[in-house]
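1. need coordinates for the below:
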Amino acid sequence: MDFAYLLNILLRRKWLILGAMAAAAVATFFFIGQKPERFKSSVVMATGIVNYKGIKSDNSDAFVQQYQIDNAFSNLLEFAQSRSAIKLVTIEMLQHDLGAEYGKISEKPFRQANLSLANFSEEEKKSLFAELQKINLDSLEEASFSPQFDFLLDKVARAYGYDNDAILRSLSVKRKSQTDYLDIDITTEIPALSQHLVNSYSNRFLTYYFNLLVRDKRQNVESYTKLAKEKKAVVDSISNLKFEYLKQKGLPVLGKQSEELVGQIAKLEFERQRAAAKKMSAAESVSRIKKYEGDRESRDAREIQSRLLEKNNTAEQMERVRELTRKNAEAGGKNEELAEELAAAKSELEEAMRSSARSQGRPRNEEGKKTKEDLYKDRVDNDLDRIEAEESYKRTSSELYTLKNKLSSMVVSDEVFSRLQAEQDNAQLEFDKIYDEFIKAKLVLENAENPLSIVQNGQLPEWPEPDRRTLLSIFAAIVVGSFTVIALFGLAYLDNTIQSPDLFKKYSKGLSLLGTIPAIPVKGFDLERIFSAKNPDASHTTFRENLRKIRGQMLASGAGNFLIVSPKSKEGKTFTMLSLAHSLAFNNKRVLMLDTNFKAPLPETFTDEATANKDILNKALQDHGLAEVFQLKTKSAEKSETQLVDILGNTGIQKSPAELLEPEQFRAFLADIHQHYDYVLMEAAALNQYSDAQELVPFADKVLAVFNANSVLKTADNDALEFLRALDGKFAGAVLTEVDARNVA
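-> Sure thing, here's the model as predicted:
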């Protein structure tokens, strides 16, 4: 579709677009102005997703992929806005407001119930409040209750504006840029409510998240506690069986004497462990002192070697100076090179002596280091401690062996007792293992940390949120205007009618266009007034001038007989023929409109009008035997001196022209008519439905096709278009009727 045509449509509909935009802007401005003020309070919460995993700002821990962080934040945001998390806030807010209503707390309720949103009885509200008082939100691990409670909770919460949908509408949870923080906003109509609600939500979410995080750990502690109790009960039951068995047998049991032996054994066990530890410690100390002694000997050897080297270097330098002095004396001090070499040697000797002096003055042992004698003494002391510890270990082991044998002799070697003892030992072993696991699970639970933490609590908002009335009104106008433009473009795109000459050429595949006839109001349509020289109506002027353009081409063609056709009916053939006839008449041309559309003849009131040529027309019809085909004129003449257009209708015989008209006879009739008329305009039935047009073409000098701008050229019209193209020079061109004048500009 032509882009200029689309722009033209927008220009024509500019007031519609501007009106829609203005209406949208005004409606938005008014609607926002009616809304109550809103107050926002915010909480900043650290998630631990970034820093907790080791991601730093310098990308030093880049092994954690960015998509993992994004996925973790997405999961957390989804969980933060889940129904279970919101339900906890709903419960807390209802606990507050209902508690304030029933005098359980000294504060005032934030909201009153709106029964138009959800109707409930006072008994239902009291029943819900009684259930709410039983809920401890701090220890809640699962926000699931009975269906009856959930139904009643949702109904009452909806009336107070604390239901899931209402809280979600006022809640905003999002990540704060690329940081580790979440930005939690609550916007309500009451400043104190915004602050209380956002803090309640944050604390509830923090606690609920931690409870879910340690739920498995708590279950582990509970499981191990239960198992430990069961195992302890087994140990105690076996111990009681042992006591009863020995009592029945009259055998000694672990009384005061055996208890003293057990105490001595425990004390010796402790001493033996301490002796073993002391032995290991002394042996380690001896080993380390030996290493220190080795290191000391190596360091002393290096120091002695360094001193010897410095001493030898000084002696060599002194010998060199004496030799150069002797040579210089033999030369009488006149050898400059020898004198320079002697001076350099003396300088090196002085440097060597200063270095040797510094080395000689340095202490042989660094401050804080032990002497070899001290190290040897420490090694001997530790070795003696080791020997003493070994002797103590052997002695305590021997005493333990004696005491254990003595304790064993106090208990009879009985088969039943041995079995019970074995069972008790196994049960005790299992209990010890379970108890160790219990201690570990309890430590894990106690050391568990919540990765979430509140960085900034919600503050009482001082100012309402800006309503952005002007901005939103402008945005609404732009949106509505855009949708209107899109709708107009869509309608224009879907509109396949031939609204303009360019579209006609496109859809007709290049069929020549003789001209266009703009749409004109039917009411008050008067061709005499339209073609008058003093016509003030601008729309009539366009209509008249377009007809004159077509008339000029008709006059230039030199043809006298014009056949007016159209692909389908109701395209405006009769209107076009009538308009062209009067246009020619205003050019002082005599025109006969001959109705050869036998399938849809013109009404008799339209055709049997007064004419000065009544006798001529009737005589021609009778002379050529066409009186039964065309209507004879019956009315008398009026204003014969100015009338230039006559209309000759047919009798409505449902036959084709070939069946009604003898070719030679009809040609003779047309020739006779042309003695009195300059132009004969004939109208044919629709090309798509009838063969009339093809049969009338031989009697016409030119064929003029009429198309309506509101019609759509479909596949069924292709044959008609091909027929018109096949006429070649006989085809005068097409006329496009009912064209919007703005589509032609």
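
2. low-scoring stretches of the stretch 101-250 of the chain, by residue?
-> Filtered on pLDDT under 70, the stretch 101-250 of the chain yields the residue ranges 141, 246, 249-250.

3. what ranges do the helices span in it?
-> Counting by DSSP state H, counting those that start in this stretch, the stretch 101-250 of the chain has helices at residues 122-133, 147-160, 164-170, 191-213, 215-249.

4. figure out how far stretch 648-661 is from the centre of its chain.
-> Its chain's C-alpha centre and that of stretch 648-661 lie 72 Å apart, by C-alpha atoms, centre = their mean, to the nearest Å.

5. how about residue 218: what's its closest non-neighbour residue?
-> Distance criterion C-beta to C-beta, 6 or more residues apart in numbering; nearest residue to residue 218, sequence neighbours excluded, is residue 445 at 6.2 Å. All C-beta spots, glycine's among them, are computed from the backbone N, C-alpha and C.

6. quick check: angle from the helix or strand harbouring that neighbour to helix 215-249?
-> Residue 445 is part of helix 415-446 when elements are defined by DSSP states H and E. Relative orientation of helix 415-446 and helix 215-249, computed by axes from the mean of the first three to the mean of the last three C-alpha atoms, to 10 degrees: 160 degrees.

7. so what secondary structure elements neighbour helix 415-446?
-> Contacting helix 415-446 under the criterion 3 or more C-beta pairs under 8 Å, 6 or more residues apart in numbering; DSSP states H and E are the following elements: helix 215-249.

8. so how far is the helix it packs on off the chain centroid?
-> Chain-centre distance of helix 215-249: 58 Å, with C-alpha atoms, centre = their mean.

9. other SSEs contacting it?
-> helix 415-446.

10. any buried residues in the helix it packs on, and which?
-> 417, 420, 423-424, 427-428, 430-431, 434-435, 437-438, 441, 445 (16 or more other C-beta atoms under 10 Å).

11. what's the answer for stretch 223-236, then?
-> Neighbour-count burial for stretch 223-236, counted by 16+ other C-beta under 10 Å, picks out 224, 227-228, 231, 234-235.

12. export that stretch to CSV, keeping only CA atoms.
-> Taking Å, rounded to 0.1, in the frame of the first residue of the first chain, the C-alpha atoms of stretch 223-236 are listed here in CSV:
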residue,chain,number,x,y,z
SER,A,223,15.6,-37.5,65.3
TYR,A,224,18.9,-38.0,67.2
THR,A,225,17.2,-36.9,70.4
LYS,A,226,14.6,-39.5,70.0
LEU,A,227,17.1,-42.2,69.1
ALA,A,228,19.4,-41.3,72.0
LYS,A,229,16.5,-41.7,74.4
GLU,A,230,15.7,-45.0,72.9
LYS,A,231,19.3,-46.3,73.1
LYS,A,232,19.7,-45.0,76.7
ALA,A,233,16.5,-46.8,77.7
VAL,A,234,18.0,-50.0,76.2
VAL,A,235,21.3,-49.6,78.2
ASP,A,236,19.4,-48.9,81.4
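
13. which SS state does residue 288 fall under?
-> Three-state assignment for residue 288 (DSSP: H, G, I helix; E, B strand; the rest coil): helix.

14. what's the burial count for it?
-> Neighbours of residue 288 under the rule other C-beta atoms under 10 Å: 13.

15. report pLDDT for it.
-> Residue 288 is assigned 70 on the pLDDT scale.

16. hmm, back to that, now the helix holding residue 445, how far from the centre of its chain.
-> Taking mean C-alpha positions (C-alpha atoms, centre = their mean), helix 415-446 and its chain are 56 Å apart.

17. repeat that for stretch 322-331.
-> Its chain's average C-alpha position is 100 Å from that of stretch 322-331, according to C-alpha atoms, centre = their mean.

18. what mean pLDDT does that stretch get?
-> 76.

19. quick one, strands of this structure?
-> Along the chain, the stretches classed as strands by DSSP state E are 39-46, 171-175, 181-188, 453-456, 513-518, 561-565, 591-595, 645-648, 679-683, 702-708, 731-739.

20. would you list those in CSV and tack on distance to residue 28?
-> Below are the strands of the chain laid out as CSV (distance: least, C-beta to C-beta, whole Å):
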stretch, distance to residue 28
strand 39-46, 21
strand 171-175, 22
strand 181-188, 19
strand 453-456, 34
strand 513-518, 40
strand 561-565, 55
strand 591-595, 59
strand 645-648, 60
strand 679-683, 56
strand 702-708, 42
strand 731-739, 39
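
21. pick the most buried one from the helices of the stretch 101-250 of the chain.
-> helix 191-213 (a mean of 20; mean count of other C-beta atoms under 10 Å).

22. pLDDT below threshold where in the stretch 251-400 of the chain?
-> In the stretch 251-400 of the chain (pLDDT under 70), the answer is 251-262, 292-293, 295-312, 333, 355-372, 375, 379.

23. out of the helices of the stretch 101-250 of the chain, which is closest to residue 19?
-> helix 164-170 (32.5 Å; C-beta to C-beta).

24. before we move on, the earlier item: which ones are touching the residue nearest to residue 218?
-> 214, 217-218, 220-221 (C-beta atoms under 8 Å, 6 or more residues apart in numbering).

25. can you check residue 27 too?
-> Going by C-beta under 8 Å, 6+ apart, the list of residues near residue 27 reads residue 476.

26. mind checking pLDDT for it?
-> Model confidence at residue 27 (pLDDT) stands at 91.

27. hmm, residue 320 is touching residue 345, no?
-> Yes - between residue 320 and residue 345 there is a contact under C-beta atoms under 8 Å: 5.1 Å.

28. rewinding a little: for the helix holding residue 445, what is the average pLDDT?
-> 83.

29. so which of the contacts of residue 445 comes closest to residue 550?
-> Proximity of the contacts of residue 445 to residue 550 was ranked by C-beta to C-beta; the top entry is residue 214 with 92.3 Å.

30. grab the nearest non-local neighbour of that closest one.
-> residue 448 (4.8 Å).

31. ok now do that neighbour, which residues does it touch?
-> Here residue 448 is in contact with 210, 213-214, 217 (C-beta under 8 Å, 6+ apart).

32. if I look at the residue nearest to residue 518 when sequence neighbours are not counted, how far off is residue 709?
-> The shortest distance from residue 518 to any non-neighbouring residue, by C-beta to C-beta, 6+ apart, is to residue 741 (4.5 Å). As judged by C-beta to C-beta, to the nearest Å, residue 741 and residue 709 stand 11 Å apart.

33. overlap in contacts, these two.
-> residue 519.

34. my guess is residue 553 contacts residue 514. True?
-> Yes - when contacts are counted by C-beta under 8 Å, residue 553 is listed as touching residue 514 (5.8 Å).

35. these two: which has the busier surroundings?
-> Counted by other C-beta under 10 Å, residue 553 and residue 514 do not tie: residue 514 has more neighbours, with 19 against 14.

36. so that one makes contact with residue 702?
-> No - with contact defined as C-beta under 8 Å, residue 514 does not reach residue 702; the gap is 9.8 Å.

37. no further queries at this time; thank you.
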